[in-house]
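Engineer: prediction below, plus the sequence it came from.
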Amino acid sequence: MSMIWLQDIAFLILLIGISIPLGIYIYRVMTGQARFMAPVEKGIYRMLGVQDKNEMSTKKYAVSILIFSGIGFVLLFSTMLLQEVLPLNPEHLKSVRWDLAFNTAASFITNTNWQAYSGESTLSYLTQSIGLTVQNFVSAGVGISVLFALIRGFTSKNKKTIGCFWHDLTRSILYILLPFSFALAIVLVSQGVVQTLLPYKVVTALQNGASQTIPLGPAASQIAIKQLGTNGGGFFGMNSAFPLENPTAISNLLELLSILLIPCALCISFGKAVKDSKQGRAILITMIILFVAALAIVNISEQYGTVFYEGVAASGNMEGKEVINGVGSSAIWGTATTAASNGSVNSMHDSFTPLGGMMMMFLMQLGEIVFGGVGSGLYGMIAFIILTVFIAGLMVGRTPEYLGKKIEPFDMKMVCLIILAPPLLTLLGTAVTVMLPQAASWLSNSGAHGFSEILYAFSSMANNNGSAFSGFTGGTMFTNVFGGIIMLIVRFIPMTAAIFLAGDLSNKKIITASEGTLSTSNTMFVGLLIAVIFIIGALGFLPALALGPIADFFTALK
Amino acid sequence: MKRFLKILRPAVSFLLIFTVLCGIVYTGAVTGIAQLIFPNKANGSIITVTLKDGTEKEIGSKLIAQEFTKPEYLIGRPSGTSNLSPTSKELKKIVEERIKWWHEFDPNNTADIPSDLIYASGSGVDPNISPAAAKYQVMRIAKVRSMDEDTVREIIDKYTTGSFLGVFGEPSVNVLKVNLALDGLL
């Protein structure tokens, strides 16, 4: 157990150490201060027909995102439907059924990467690379763009515009996602992650001479962005538990770091951008406290919460875990991937102990704000900060303000849309599914754990996470269509609300802080923020959790 | 409508440009470099062995488990993925069967069975076992093969990888490589 803590501490030091310079870098490239690829950037703007100094109104920014995502959806959906007639399909895989194609397209344009299929038996190399890989990049870029639009809402005064979406998106991909993914992909190949266009390899096994098929493909390039862009959709069905996707302790560390790296760095960028590093630090500390608390529970539960058998050496829970990861690297990955809305897995979450599984579920149910998705996690957290400021303002009877901007009714309406859409749809999705008579046949586990499988599935889809309790059969027509719609709603309603929030804030004047202004960077505020996050999460989900993992835990005790 | 078209143009162009850049150029560049610098790893870490009659044969990937059930081989983790809760009755039944299997398979061994031999992995094809699980099998392998136990141990040590920097991940023994070495093929 002490080795597990040591690993966790080393990981956190490494993560924070790299995020600080990365955060400053992201701030500089996203605000146009460092434009070392200016010729390429300007060339792209010319092809788009966008001016170098373009500015957009709130509405135009929002509509641009919706249209862009819509076109992305159509292209990805059609690629999957036409797969069997398109090239680069050495395994002659059939076209994808419409409902699965709908679900997958919705899943990847929303940065969820819920997967109701196994990549190696469903998708061609073409679909994976020009379809999914591209959406891995742009959906992450969209999240970063919206975050910077919101940041500009705080930094500009009396302005009717919030920046240009095409500039934000171009910069986020060109300067951040693409170069880092490229470097990571090459290192992953050096560890044994496959990257090839050759067909699957058939070999003859040693003991019995049976033939065994080794699935291949251009995997490393997609896995790099899947980790960095909080996407999480595996090239192979078993995601990063599959040895060809995550072969060594080194590849595991790098993939794990990549899950949290950009969300963590963005907190630093935020502090820089609002010219008050303490604000960014307070957010980062809040996230780390919640992360460490969840990690501690997962660690303890996985190490001590399993069943012991006579004649078996005592150990933590190894069901569904790889030897190279053991309990330690599996627990921290599971916590990180659900804290951030990544959703990749290096072990089977369904086989976690009841309380370990509950913590991962709860991190998603908090709204994917403990790091969260790239960009989307931080704008979700900012919504919680505004809510906290608002509640504090009510208590002392002052007009709430954050970073010099008065928080008024319109802003609070947007904040409510951001905060309430995911939990409502999580509960609605779970409730509707539980009422279906055929739902029981979609589960691997019986009893309370079976209910947990459904609750986990909708917590994941309705928070754009994408991981699963894989005992749940996700590929049914019902889940594909219903889940697909949920993923679209919880991505685009909060996102549009964040853009309108940005527009409204941008239009306000900046008031200077006075003695009566509530500090949003001190210890008390961090405590208040954590309390608000926890109360909202607990109010929404304690009853459901009591029926699932908590009941599961007490049943096991007996 | 005109305003809609004004937004549509950059949206379509953006998607096309970045489909080329991230889908084709990026994937292509990574593939090219991978094939050039790490051809074996990029193509699945396939192990090719030379048989006694001199023919070469592709025997497997060092990263994908193969089934071993004979006593002269190092036996890996149970295959497949259960997705069952570790505290469930269903898994309890499966695990108890596996414990029984090990005791019947190797009746002279009274040591505790390392847990990775009775619990399935997440991928279902974990190519590794823990050093403890390898140690548990040394006596049996040596006896069946009439080999020195130290020789078996040496082979296992040779294909054991430590954790990274002594902190990240867990040490592991590659089952296929050990078995190929035991057969004198590696």
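Structural biologist: Okay, I see it.
Engineer: can you pull the domain assignment for chain B?
Structural biologist: B:2-41, B:47-182 (automatic domain parsing).
Engineer: could I get the ones you listed as TSV with mean neighbour count?
Structural biologist: The C-beta positions use only the backbone N, C-alpha and C, and glycine is treated the same way. Below are these laid out as TSV (neighbours: other CB atoms under 10 Å in any protein chain shown):
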stretch	mean neighbour count
domain B:2-41	17
domain B:47-182	19
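Engineer: so which of those domains is nearest residue A:294?
Structural biologist: domain B:47-182 (19.3 Å; CB to CB).
Engineer: just to revisit the earlier point, dump the domains of chain B to CSV, plus mean pLDDT and distance to chain A.
Structural biologist: Listed next are the domains of chain B as CSV, based on pLDDT from 0 to 100; distance: least, CB to the nearest CB, whole Å:
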stretch, mean pLDDT, distance to chain A
domain B:2-41, 95, 3
domain B:47-182, 96, 3
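Engineer: switch those over to CSV; also include distance to residue A:125.
Structural biologist: As requested, the domains of chain B are arranged in CSV below (distance: least, CB to CB, whole Å):
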stretch, distance to residue A:125
domain B:2-41, 9
domain B:47-182, 18
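Engineer: residues contacting residue A:337?
Structural biologist: A:232, A:259, A:343, A:344, A:345, A:465, A:467 (CB atoms under 8 Å, 6 or more residues apart in numbering or on different chains).
Engineer: could you do residue A:125 as well?
Structural biologist: A:88, A:89, A:90, A:197, A:217, A:218.
Engineer: 6 Å instead, please
Structural biologist: A:88, A:197, A:217, A:218 (CB atoms under 6 Å, 6 or more residues apart in numbering or on different chains).
Engineer: most neighbours out of the residues you listed, which is it?
Structural biologist: Among those, the one with the most neighbours (other CB atoms under 10 Å in any protein chain shown) is residue A:217, at 29 neighbours.
Engineer: look up how far residue A:88 lies from the closest residue to that one other than its chain neighbours.
Structural biologist: Nearest residue to residue A:217, sequence neighbours excluded (CB to CB, 6 or more residues apart in numbering or on different chains): residue A:125, at 5.4 Å. To residue A:88, residue A:125 is 4 Å away according to CB to CB, to the nearest Å.
Engineer: only alpha carbons, please: show stretch A:11-28 as PDB.
Structural biologist: What follows is stretch A:11-28 as a C-alpha-only set of coordinates in PDB (Å, rounded to 0.1, in the frame of the first residue of the first chain):
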ATOM      1  CA  PHE A  11       2.500  11.300 -10.200                       C
ATOM      2  CA  LEU A  12       1.000  14.400  -8.800                       C
ATOM      3  CA  ILE A  13       4.400  16.100  -8.500                       C
ATOM      4  CA  LEU A  14       5.100  15.300 -12.100                       C
ATOM      5  CA  LEU A  15       1.700  16.400 -13.200                       C
ATOM      6  CA  ILE A  16       1.800  19.800 -11.500                       C
ATOM      7  CA  GLY A  17       5.400  20.300 -12.500                       C
ATOM      8  CA  ILE A  18       4.700  19.900 -16.200                       C
ATOM      9  CA  SER A  19       1.300  21.800 -16.100                       C
ATOM     10  CA  ILE A  20       2.800  25.000 -14.900                       C
ATOM     11  CA  PRO A  21       5.000  25.700 -18.000                       C
ATOM     12  CA  LEU A  22       2.400  24.100 -20.300                       C
ATOM     13  CA  GLY A  23      -0.300  26.400 -18.800                       C
ATOM     14  CA  ILE A  24       1.800  29.500 -19.500                       C
ATOM     15  CA  TYR A  25       2.500  28.200 -23.100                       C
ATOM     16  CA  ILE A  26      -1.200  27.600 -23.700                       C
ATOM     17  CA  TYR A  27      -2.000  31.100 -22.500                       C
ATOM     18  CA  ARG A  28       0.500  32.600 -24.800                       C
END
